[in-house]
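A.B. asks: sequence first, predicted coordinates after that:
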Amino acid sequence: MNVKQWQGDPAQTASGEAAVVGDLPPVADLTTVLQALADPVRLALVRDIAEEPGGRYCGSFGVPVTKSTLSHHFKVLREAGVISGRYEGTRKLLSLRRADLDAAYPGLLDSILRAPMPHLDEGAAELLRNQLGRSPGSISPTP
């Protein structure tokens, strides 16, 4: 996949607006978008970002994964065209690329955000508990 990497100075523009971080990659093919959204941690991140219309700062997510793992998840979502980022001062604000996703795949994002979290078998429930750090009682497998 040939995607331009984000580049740019995190400084603000002369008018005081936050600078956009480089060129946005195009929304990826459907398979890539669905693969990006298939990971339970990334799906949780997308749902969290969607709850804040103005976006969320990188450091504001409560997922107990390392910074490098969180950066990897953001990179996968960014390269799939699901999120974008811009700097406000020295902090990066992440937003959903709702308009771009709706133009490429009408209704997909809304359907994914409205869908209940899937029922999990024991192995998947254990994996999610390990990735998100939740207690066993908060995630239960499908009977």
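C.D. replies: Looks like it arrived, so ask away.
A.B. asks: can we go C-alpha only for contacts and neighbour counts from here?
C.D. replies: Fine.
A.B. asks: which pLDDT value belongs to residue 95?
C.D. replies: Note for residue 95: predicted pLDDT of 95.
A.B. asks: how about residue 96, what does it touch?
C.D. replies: Residues in contact with residue 96 (CA atoms under 8 Å, 6 or more residues apart in numbering) are 46, 49, 50, 55, 82, 83, 84.
A.B. asks: which residue ranges of this structure form strands?
C.D. replies: Per DSSP state E, the chain has strands spanning 56-57, 83-88, 91-96. These are given in chain order.
A.B. asks: burial check on residue 26, number of neighbours?
C.D. replies: With neighbours defined by other CA atoms under 10 Å, the count for residue 26 comes to 16.
A.B. asks: count the neighbours of the closest residue to it other than its chain neighbours for me.
C.D. replies: Taking CA to CA, 6 or more residues apart in numbering, and ignoring the residues beside it in sequence, residue 26 has residue 81 as its nearest neighbour in space, at 6.0 Å. The burial metric for residue 81, expressed as a neighbour count using other CA under 10 Å, is 23.
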